[in-house]
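Trainee: next come a sequence and a model predicted from it.
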Amino acid sequence: MRKTPFITCLPLLFVTLVGFTAPAVTQAKEPPNYRALQKDYRQFLMRLGFEDYSNMVRENRKRNTGAGAASEYVLKFNQGRYGIVNFSRELAILLALKLEQAEGAEAAALKEKLARLTARLFSLRPMEPPTKFPDSVLSVKASELEEAKIQYLVDVTKQNIREHTDTVLSDLYETLYGEEALKTTLATEGPTKEALLKELHRIRGLVERIVEFTYLDSELGQTRYLGRALATSLIRHARLRGDAEFEKTLKAAVKREGLRLENFVGDTLSFTDKDGRTHRLKIENGDFLNERSIGPEAGEITWGARPGLSNTLRAARMRLLGNIWGLILPKEDFESAQLGAVDYARMRLSEKRFATKGFSHVGMANVLEDAETGIKMTWALDNYPNAMEGGIRISGILEQFAPAGEYMRLGVSRYDPKKFWDFAQSQIKEHGHQEIAWIGEKEFLDEDGETIETARSEPDPWKTTISKEEFERLHSAPRSQAAEWYREVMRRTTDHIRHKMLAEDGVGFAYGFSNYKGRLYCSLTVLMASLQATGLELQPVQDRWNIIMRVMKLFNAGPVKDMNLDVRIIAPSGFLWQPLVDKKYFVEYPYMTPYERARAIMSPQILAMNPKMTRLLSKLVEAAGIDETRIAVYEDELMEKIEASLQGEITKRQKSAATSQHAGAPSTSGYVSACSRLLK
């Protein structure tokens, strides 16, 4: 069976912060309302999407004994992966509660420090991996070379994670206590020091997992879960006290890091296009999100998936129809910075507008709001070919779903509520409520987890989750209430993706556009969520395969021989070119060189706020006598994760590239992806 490359989900660590006074750390009593405040912050963050997805999956796995092998793999992966949300939420609560306990000058100083810490957490990204292997590795025997390379990358990665953890922990304690207070505490014995050391062990465990995730999850590691959770908690604190100045302080601190706070908290995105113009896009729940990647998979899907005939002219006017140039020009990986003339020309031409029409991936915006404070959090929901089997992602739009540099273009669109209401009523009149949303096929796996191809398929339907009574109640809204109806339809659809598909069904990615139950490609995920949760089709005019692909399939020619062209195709741009669209925004990102792209998601070095604090914490850790057995267990566990992540990335790339099965999703460009490319 396959190794499972996932971030192990630890039990949540609930810790009580030590009080803050100078010059020493003093142990503060837990205030009478501490637990109530803790609960309030937790419920607040959960309303904004920081839910306990790991526990949802765990409970569903106990009940869902009939899940297929592939779905069980995805569920197990999701259970571990989304522990990052818990770690980030609980650490943010601890920091916010520290501010709740502070008063007067202490509170004012702590606000400044927390604002700076939050800004640094938004900039959290891995250190750059090695770009080449040392001679000591390359000189080993040929039969041992691959193992030596992997071991070298594992050792470097472990060291990077360890150093990065120390830096983040140092920044956190510099914010909470400061160097002088810790020096005084280190020099004394007593219950205060013991409490501080106990706290240090626990908080370090949270920080370790968060940093580890940033390095080892290529498809979600760029999403700043901790920064988002902390920023929203601090803004909540400010708004409940009418402290507008604190919000300005936080915004200014983030700006000094070259970032915009509104891109992490709120419902409005702000960014600069290729012409230097600043755009502000207000996002609504259920908006369709599109991105155009740079690699060859983008040219494949934009050329292969076409609009229905009545939508073709509209698609052409919007420059959404891919062409042959998008197929032959892009080259995903250039092996050397010393490019030949042909490769250099291909690299530059492949990023010109004439060769990059259309979008290559689609998801949905999920905008969640806390009614008490009006604070909003915007996520991107999509199905991505990660962890080999793929799965639902909950990510940040501009830091993960479509960051500038890694992607060329971002698109945001939404339907006109009244037009969509009219289309919905025509569906209801035609067939009413349907119990079956889609007819899939049963998938069988061998002992290695690989799909067994069978001569005859066995139907395995996707059922609707909305009851007949709910269906009739939902769609009984009059046309005059189309806007409210539309919001409810989109709420049900996005909730279905975030809860049902991620935490209960274990939906994976449909490589090769397979029709297996439990697997969906990106745009079919959006459609399926609507079909299951609301009973509604989203395309009045269905898309089609390029006729040339049909001809190639007849002769089993090229990569299409391994693709399923019998399944219905919904193009990534397939919701954009529908006549239902009311508003749409296309933004072209500035060009970045490969070096600039790498620098945007990885850092050459990580510097602490106060390097002396890092050394002080090392002394504290040493003085605490951390259990050496625990360190050994963690080291072994970390090694397994790194090796599994590397192998998973390699396998995924092979699986995608061998049969052109990207289905529009690009290869990732995180830390582990860079390591796997080095192994190639």
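Mentor: The structure has been received and is ready for your questions. Quantities reported herein were computed from a predicted structural model and do not represent experimental measurements.

Trainee: so where's the stretch 351-500 of the chain uncertain?
Mentor: Counting by pLDDT under 70, the stretch 351-500 of the chain shows low-confidence ranges at 351-355, 386-388, 447-449, 454-456.

Trainee: the helices in it, which residues?
Mentor: 417-431, 468-474, 482-495 (DSSP state H, counting those that start in this stretch).

Trainee: cool, the stretch 501-650 of the chain as well?
Mentor: With helices called from DSSP H, counting those that start in this stretch, the stretch 501-650 of the chain shows them at 522-534, 547-554, 594-601, 611-624, 628-658.

Trainee: what pLDDT, on average, does the third one get?
Mentor: Looking back up the chat, that one is helix 594-601. If you average the pLDDT over helix 594-601, you get 76.

Trainee: could you give the angle of the longest helix along the chain to helix 611-624?
Mentor: Using DSSP state H, we find that the single longest helix of the chain is helix 142-176. Taking axes from the mean of the first three to the mean of the last three CA atoms, to 10 degrees, one finds helix 142-176 and helix 611-624 inclined to each other by 100 degrees.

Trainee: following element in sequence after helix 142-176, please.
Mentor: Later in the chain than helix 142-176, the nearest helix or strand by DSSP states H and E is helix 179-186.

Trainee: just to revisit the earlier point, against which helices or strands is the longest helix of the chain packed?
Mentor: Judged by 3 or more CB pairs under 8 Å, 6 or more residues apart in numbering; DSSP states H and E, helix 142-176 is in contact with helix 83-101, helix 104-122, helix 135-138, helix 191-216, helix 611-624, helix 628-658, helix 671-679. All C-beta spots, glycine's among them, are computed from the backbone N, C-alpha and C.

Trainee: closest one to residue 373 among those?
Mentor: Taking CB to CB, helix 83-101 is the member of those nearest to residue 373, at 12.9 Å.

Trainee: pLDDT on the closest one, on average?
Mentor: For helix 83-101, the mean pLDDT works out to 96.

Trainee: and that helix, C-alpha only, in PDB?
Mentor: Extracted in PDB, the C-alpha atoms of helix 83-101 (Å, rounded to 0.1, in the frame of the first residue of the first chain):
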ATOM      1  CA  GLY A  83      -5.000  19.900  11.500                       C
ATOM      2  CA  ILE A  84      -3.200  23.100  10.400                       C
ATOM      3  CA  VAL A  85      -6.500  25.000  10.900                       C
ATOM      4  CA  ASN A  86      -6.800  23.800  14.500                       C
ATOM      5  CA  PHE A  87      -3.200  24.600  15.300                       C
ATOM      6  CA  SER A  88      -3.500  28.100  13.800                       C
ATOM      7  CA  ARG A  89      -6.900  28.800  15.400                       C
ATOM      8  CA  GLU A  90      -5.800  27.700  18.900                       C
ATOM      9  CA  LEU A  91      -2.500  29.600  18.800                       C
ATOM     10  CA  ALA A  92      -4.300  32.800  17.600                       C
ATOM     11  CA  ILE A  93      -6.800  32.500  20.500                       C
ATOM     12  CA  LEU A  94      -3.900  32.200  23.000                       C
ATOM     13  CA  LEU A  95      -2.400  35.400  21.600                       C
ATOM     14  CA  ALA A  96      -5.700  37.300  21.500                       C
ATOM     15  CA  LEU A  97      -6.500  36.300  25.100                       C
ATOM     16  CA  LYS A  98      -3.100  37.700  26.200                       C
ATOM     17  CA  LEU A  99      -4.300  41.100  24.800                       C
ATOM     18  CA  GLU A 100      -7.600  40.700  26.500                       C
ATOM     19  CA  GLN A 101      -5.800  40.500  29.900                       C
END
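
Trainee: related to what we said a few turns ago, buried set for the longest helix of the chain?
Mentor: Residues 148-150, 152-154, 157-158, 160-162, 164-176 are the ones in helix 142-176 that count as buried (16 or more other CB atoms under 10 Å).

Trainee: tell me how far that helix lies from the chain's centre.
Mentor: Chain-centre distance of helix 142-176: 22 Å, with CA atoms, centre = their mean, to the nearest Å.

Trainee: next, the angle from it to helix 179-186.
Mentor: 100 degrees.

Trainee: now helix 142-176: average pLDDT?
Mentor: For helix 142-176, mean pLDDT is 91.

Trainee: same question, stretch 280-300
Mentor: Per-residue pLDDT over stretch 280-300 has a mean of 90.

Trainee: list the buried residues of it.
Mentor: Using 16+ other CB under 10 Å as the test for burial, stretch 280-300 gives 281, 283, 285-300.

Trainee: end to end on it, go ahead and measure it.
Mentor: 31 Å (CA to CA, to the nearest Å).

Trainee: re earlier: as JSON lines, the helices of the stretch 351-500 of the chain with mean neighbour count and distance to residue 275 would be great.
Mentor: Listed next are these as JSON lines, based on neighbours: other CB atoms under 10 Å; distance: least, CB to CB, whole Å:
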{"stretch": "helix 417-431", "mean neighbour count": "16", "distance to residue 275": "32"}
{"stretch": "helix 468-474", "mean neighbour count": "14", "distance to residue 275": "43"}
{"stretch": "helix 482-495", "mean neighbour count": "19", "distance to residue 275": "32"}
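
Trainee: so for residue 573, which of those helices sits nearest?
Mentor: Of all the helices of the stretch 351-500 of the chain, helix 417-431 comes closest under CB to CB, at 17.8 Å.

Trainee: using CSV, write out every CA atom in that closest one.
Mentor: Extracted as CSV, the C-alpha positions of helix 417-431 are listed here (Å, rounded to 0.1, in the frame of the first residue of the first chain):
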residue,chain,number,x,y,z
PRO,A,417,-29.7,36.3,-9.9
LYS,A,418,-32.8,36.9,-12.1
LYS,A,419,-31.4,35.2,-15.1
PHE,A,420,-30.3,32.2,-13.0
TRP,A,421,-33.7,32.1,-11.3
ASP,A,422,-35.4,31.9,-14.7
PHE,A,423,-33.0,29.1,-15.7
ALA,A,424,-33.8,27.3,-12.4
GLN,A,425,-37.5,27.5,-13.0
SER,A,426,-37.2,26.0,-16.4
GLN,A,427,-35.3,23.1,-14.9
ILE,A,428,-38.0,22.6,-12.2
LYS,A,429,-40.7,22.7,-14.8
GLU,A,430,-38.9,20.1,-16.9
HIS,A,431,-37.9,17.5,-14.3
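
Trainee: and that helix, what does it pack against?
Mentor: Packed against helix 417-431, as judged by 3+ CB pairs under 8 Å, 6+ apart, are the following elements: helix 482-495.

Trainee: worst average pLDDT in the helices of the stretch 501-650 of the chain?
Mentor: Ranked by mean pLDDT, the helices of the stretch 501-650 of the chain bottom out at helix 628-658, with a mean of 59.

Trainee: related to what we said a few turns ago, just the angle for the longest helix of the chain relative to helix 191-216, thanks.
Mentor: Compare the direction of helix 142-176 with that of helix 191-216 by the same axes, to 10 degrees and you get 130 degrees.
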